[in-house]
Each structure stands twice: as structure tokens, then as C-alpha cells.
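Participant: Sequence isn't available, so here's the structure alone:
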């Protein structure tokens, strides 16, 4: 059988799902067009100032399509890469390390006993139930917290998040997708979050915001064989719609391959769209036949459909499925095929977590931060290029000399060494009459002031103030209060952006928690939690109740855990705290024999100095022996034996 013989025949393809695929592909095309209108041009423009690749004139003209003749031609075409400065300074400031994730049980509201009146038994029963629930949820929180702080290290969340943060700084949005993953060579499943470029994301163009979209789609590109394997399709059943770079290289060296390209046989990649819908499988799409709407309502509001150009059926619902008799009698099997891989809709969310610093009202796409200073950035690029060309021209040396000057004088002017003697004849006249150096007019100094002002305006737009570089500012600082006020004002914008990153990481942690509780079993977590933890996971954590998975526990990111640690501030703070609190905790320890508060203070202080806390822990003093009772012998030998455990001599 040839490779093409495995494609599904027309009679095998369900006409209902053929119509659904066509309508979804139309929706995808319109969403891509809308994205190109409101977001892609400015995103591409901002990205081009970071790493190109585009022509210098195109960068300055932007997407407006203006005439290149409107720009004065420049000898040097310079790119003032302020975009790189912006990303390289803000990137580490916003995400320096993986966050510390915390999971806590939701604490109940305790109603005072007097409100129950004489019904004391009801009050005590409720208290007991709440205590049991908090204990159970506390164990669940401990297990989840341990797992959620294990995956970021194992699967490089810091690398994935840094890519998303950089893209958010550049073009306005960075994306992290939470997914179920099976490491190669294992049968276990893990939950991880990975970066994917915003270029591969589209959303409902009619939505007033991304969160309120009724559907989103993610573009994927994979080899045809991998798509067939991942979706359980018959080998050779689908046709690629894109050529890989390796395939293009093969075609260039083979006449037979070029002939196959003309016949459409060289596409070895498939571009396809994973669609996550909150508006059903497709019966509510505009233009769908009314006769199809009612049957499609049975699939509910939340549907997952995978479509590709040139494939007349959903990749996750192939003709093998629609023609299988067991699916006709088992609606749950059909629902499972069209269900979201992880039902994040239970928390009114999507599988993707977008990081937007500047959302736009009534638009699902954000505003890039660099867009606010784009005018100034273009001027800086043109002005610096113009000035460099101007300096090149004005620094050339021109010598004007009379023709009747002798060759000896001309040679001496052009090639003579320092302190060379030139003898002039009386007929030559004065030196100024014989030779002159021509000078270009100097560059107007106002242009340097203009550059300084424009660059300052750009820095204000995007937040690259002098103090972000560690500079002291234009004016001298005269007091500690002025230093404090400057730091406070400087940190308003970075603190707000850092807060957005922490909220974004919290959403990622919640999604990983939901996916872990919904999918993972004991064997999946034994490597992270051990045998006993895996047993407890199966008993208390794993659940198919999506509401419980989403809302049972509170998830937080420790404030400041993603930021670069300020060691000087930590040391100063802990030293001051130790000086004030150590006497209080020491007195408490002497009275109660409880060394825990003092040990915690010591541990935090030595950690701030990058020392090992375990080496500085204080042991609780041993309690003195009780006094002997009147019935005891009270012999010194017997007392020593009881307290020290050493046998008396004898």
C-alpha cells in the first residue's frame, strides 16, 4: 500500500464535522486578520528595534507604508538599541528566580458560641467538623505545595518564564501554557508550564478583553507523522501543508523532489490550530446550518477542537471515531474526545496565562510598552545616523594652494614630518595668500541638546530613568530623606510591573495545581513526594471534582520571591531585628524553655549573611530533676543514678 492510500474516503467523513471544520477555519482567518489590524504591526515594529531583521528605512517608516524618499539619506545607518537596554534592565528586575509557591487551607469563619443559645451540641459538632476539614485540607496543602515547588526546578520554569517576560516587555504580551507532559522513556505524567510565542495565539476578535473571549486558538507546527501519532490517526491519513527547512534543502538538490513539489507531495509539516471554546463545539457559530445547531448542543459549552487547513475533519475526532459503532452507544466517549485536556474553564480561565503590562480598553490585545516611546526612538535612530554622516563629511581636510607654488611645497604639506621647514619665495606672498585649510561649518550645538531631550523623553515613557542605571540623577542628593523619596518615586512603575508578574505566576501555579489534582495519580508523584506522600496524594489530593480542584485551597506566591535579592537590605534589616528582638526572645526562652522563636530569629539572621542556619541552632535546656518525695530514701547515690543513668560503683 502506498503512503497516500491511507487517506479517508469522502464517504467516511462526517458531513456535520466537515461543516464545523470549515466554519472554525473561517473564524480563525478572521481572528488573524483582526490581530494584524490592531496588534501585529506595532508588535513587529517593537521587536524589530530589538533584534530585527528589517531594513533600516523600513524600521524608521514603520508599518505606515510611507515613501522612503521622505527620509534624508544617511551614509551611516545606526540602530540605537534602546529596546535592548529596556529588556536587559527590566527583565532581571521583574523575574530573577523561580517564585516560592505557598498553598494554604481556607480558614473557616467561627461564629461565637453565644449565638447558638442552648444548642451547645450543634456548636461543638460544627467546630469538630471544621477542625477535621482544616486538618485534611492542611495535609492536602502540604502535599500540593511540595509538588508545585518541585516542578519549577525540574522543568526549568525560570527559563520559560524569562522568555515570556522578555516578550511581554517587547511586544506587550508573553504567554505560558500549562500542560500535561510525559518525560521521554517514562510512563509517568507531570504538569509543567512552557513558553510559546504570542505570534501563535489568536482570540475571539469580538471580545472586550482576553479573559472574556468565547474562544481562543493556539497554532502548532509539527511533522505529519507526529500529528498522526499524537491524535491516533491512521498513518498517511493527512497531508502536510508546509515544508520544513530540511525538506526544502532536499528539493533544491533533486529534480525528482522538485517534480513532487509541483504535485504537492513535499509538505512534511502540518500547521494546525488547537481551539478551546466556551461557546460549544460549533453549533453557535455564525452561518452554521440551523438543522445542525440542536444536535451539536448536546456537547455543551466547553469544547476542544483541533483543525487544519486541507483536513476536512477535526484531528481529535477523526472518521475512525465517528464510524466506530461503540461511540454511537456511548455519549461519554464522544464527550471525552471533544473535552478540554484539562478543564480550566472550572476556574473561568484558559490553558494559557498571558502576561499583559498595559491592557487596552475594549480590546483583547495589549499595548506594548515600547510603543509609547516609538516616535522618540525613531528620531534617535535617524538623528544619530545623520550626525555620524555629517561628522564624517565635516572632519575631512581640504587644502587650497596656489598653482604656482612649487612641487616641493606641495609635497611637504602632504607628506612632511613634524617641525618641517618650508621656505617661501618673495613672489609667493604671505603664507595666508599661498595656502589655506578649508573648514566646514560646525554642527549646530542645539542638535545635541535636542538629542538629549528626546532620549530623556523616551526614557520617561518606558521607565529607563537614571537611577535604573545606578546613576545619581541630574541634581546632587542633599539628604537621606531625598534619597528615600527618590527611591520611592523610582520604584512605583517597577513595583507595579513586578506585582503583575507575581499575579501572573500565581495564575500559573493555580493552573498547575488544578491539572495535577485532576490528572496525576500516586505513581506520577512518587519521585517528588516519596512513597508515603504518593499514598497520601491518592487519598486526599487527587480528585475529578473540578470545582474542588479550583477552589478548595488558597494559592499564593511569596511577595518578592521572583525579584533579585537585595543582600545589603536583608543584612541591615535582620541585624536591626536581631538587636531588638533577641533580648525579648531570650527572656521568653528562659521562662518557658521554648527555644523556637529565638532559633527562628537566629536562622533568619545567619541566612541573610549566607551562612548555614543548622550550625547556629540553640538546644533547649534540660529541665531540673523533681525534688524527692518524703517516701524516697534521698540517698545521693540513688539520685545520681536516676538523673544521669550512671550505675553506682560497687
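Facilitator: That came through, no problem. This structure is a prediction, so every number in the text was calculated from the model and none was measured.
Participant: I'd like to know which elements whichever helix or strand residue 219 is part of is packed against.
Facilitator: In the assignment (DSSP states H and E), residue 219 maps to strand 215-223. In terms of contacts (3 or more C-beta pairs under 8 Å, 6 or more residues apart in numbering; DSSP states H and E), strand 215-223 is packed against helix 15-38, strand 201-203, strand 269-277. (Each C-beta comes from the backbone N, C-alpha and C, glycine too.)
Participant: Take the ones you listed and write them to TSV, including mean neighbour count.
Facilitator: Listed next are those as TSV, based on neighbours: other C-beta atoms under 10 Å:
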stretch	mean neighbour count
helix 15-38	17
strand 201-203	24
strand 269-277	21
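Participant: Redo these as TSV? Include mean pLDDT.
Facilitator: Listed next are the helices and strands packed on strand 215-223 as TSV, based on pLDDT from 0 to 100:
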stretch	mean pLDDT
helix 15-38	91
strand 201-203	97
strand 269-277	94
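Participant: Arrange those in JSON lines, one row each, with distance to residue 458 as further columns.
Facilitator: Below are the helices and strands packed on strand 215-223 laid out as JSON lines (distance: least, C-beta to C-beta, whole Å):
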{"stretch": "helix 15-38", "distance to residue 458": "24"}
{"stretch": "strand 201-203", "distance to residue 458": "29"}
{"stretch": "strand 269-277", "distance to residue 458": "38"}
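Participant: Show me the one of those that comes nearest residue 371.
Facilitator: helix 15-38 (12.0 Å; C-beta to C-beta).
Participant: so how far is that closest one off the chain centroid?
Facilitator: 28 Å (C-alpha atoms, centre = their mean, to the nearest Å).
Participant: So residue 80 sits against residue 377, correct?
Facilitator: Yes: Residue 80 is in contact with residue 377 according to C-beta atoms under 8 Å; the separation is 7.3 Å.
Participant: more neighbours, the two?
Facilitator: residue 377 (28 against 20; other C-beta atoms under 10 Å).
Participant: now that one: how far from residue 358?
Facilitator: 17 Å (C-beta to C-beta, to the nearest Å).
Participant: How many neighbouring residues does residue 337 have?
Facilitator: 19.
Participant: Correct me if wrong: it contacts residue 321.
Facilitator: Yes: with contacts counted by C-beta under 8 Å, residue 337 reaches residue 321, the gap being 6.1 Å.
Participant: And the strands in the stretch 101-250 of the chain?
Facilitator: Ranges of strands in the stretch 101-250 of the chain, per DSSP state E, counting those that start in this stretch, are 101-105, 173-181, 190-195, 201-203, 215-223.
Participant: For those, which has the smallest mean pLDDT value?
Facilitator: Mean pLDDT is lowest for strand 101-105 among the strands of the stretch 101-250 of the chain, at a mean of 92.
Participant: I'd like to know which elements it is packed against.
Facilitator: Packed next to strand 101-105, using 3+ C-beta pairs under 8 Å, 6+ apart, are helix 120-148, strand 553-557.
Participant: May I see the buried residues of stretch 306-320?
Facilitator: For stretch 306-320, the neighbour count (16 or more other C-beta atoms under 10 Å) marks 306, 307, 308, 311, 312, 313, 314, 315, 316, 317, 318, 319 as buried.
Participant: Return the residues in contact with the closest residue to residue 155 other than its chain neighbours.
Facilitator: Counting by C-beta to C-beta, 6 or more residues apart in numbering, the nearest residue to residue 155 once its immediate chain neighbours are dropped is residue 192, at 4.2 Å. Listed by C-beta atoms under 8 Å, 6 or more residues apart in numbering, the contact partners of residue 192 are 151, 155, 157, 178, 179, 181, 512.
Participant: So among these, which ones count as buried?
Facilitator: Here, 16+ other C-beta under 10 Å leaves 151, 155, 157, 178, 179, 512 buried among the contacts of residue 192.
Participant: Mark which of the buried residues of stretch 306-320 are part of strands, please.
Facilitator: 306, 307, 308 (DSSP state E).
Participant: Next, format the helices and strands packed on strand 101-105 as CSV and append distance to residue 330, mean pLDDT and mean neighbour count.
Facilitator: Listed next are these as CSV, based on distance: least, C-beta to C-beta, whole Å; pLDDT from 0 to 100; neighbours: other C-beta atoms under 10 Å:
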stretch, distance to residue 330, mean pLDDT, mean neighbour count
helix 120-148, 33, 93, 16
strand 553-557, 34, 86, 18
